[in-house]
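Peer 1: just coords:
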């Protein structure tokens, strides 16, 4: 591993906090807006891109909001599955709220761990600075 000894990797506790906080927020939005198809998408993108920015900062990386949204788009291949689940049951009160909340939280969690792995790999790939 070619890690710079001057830069410490972020603590597991900090990473878990960032990802789980975003996932809970996404789940709450998914539950609250289940009966309005697509209405939660802008809020979820904001939550997820903010999570990516926080993960980048934890890994001491500089990232713009635009780059975070671009990275989010690359990590969010599972969004299609979310759209299908919302279309199938999202409109059913109760069940739709539960499914939408679970799906939004799960996808946000997966995106968070994928982003964390991306930043950790970037750290490992960086050459040591003299």
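Peer 2: That came in fine, so what should we check first? As the structure is a computational prediction, the values presented were derived from the model and not from experiment.

Peer 1: Just give the number of residues close to residue 74.
Peer 2: Neighbour count for residue 74, taken as other C-beta atoms under 10 Å: 12. All C-beta atoms are positioned from the backbone trio N, CA, C, and that covers glycine.

Peer 1: Quickly find the element holding it.
Peer 2: Assigned by DSSP states H and E, residue 74 belongs to helix 65-75.

Peer 1: I'd like to know which elements that helix is packed against.
Peer 2: Of the remaining helices and strands, those touching helix 65-75 by 3 or more C-beta pairs under 8 Å, 6 or more residues apart in numbering; DSSP states H and E are helix 41-58, helix 95-125.

Peer 1: who's in contact with stretch 54-69?
Peer 2: The contact list for stretch 54-69 (C-beta atoms under 8 Å, 6 or more residues apart in numbering) reads 7, 9-10, 14-15, 18-19, 22, 45, 49-50, 52-53, 71, 112, 115-116, 119-120, 122-123.

Peer 1: Next, find the distance separating the nearest residue to residue 33 once chain neighbours are set aside from residue 19.
Peer 2: Leaving aside its chain neighbours, residue 33 sits nearest to residue 40 (4.1 Å; criterion: C-beta to C-beta, 6 or more residues apart in numbering). Look at residue 40 and residue 19: by C-beta to C-beta, to the nearest Å, they are 19 Å apart.

Peer 1: Compare the two (neighbour count), which wins?
Peer 2: Using other C-beta under 10 Å, the more surrounded residue of residue 40 and residue 19 is residue 40, with 24 against 21.
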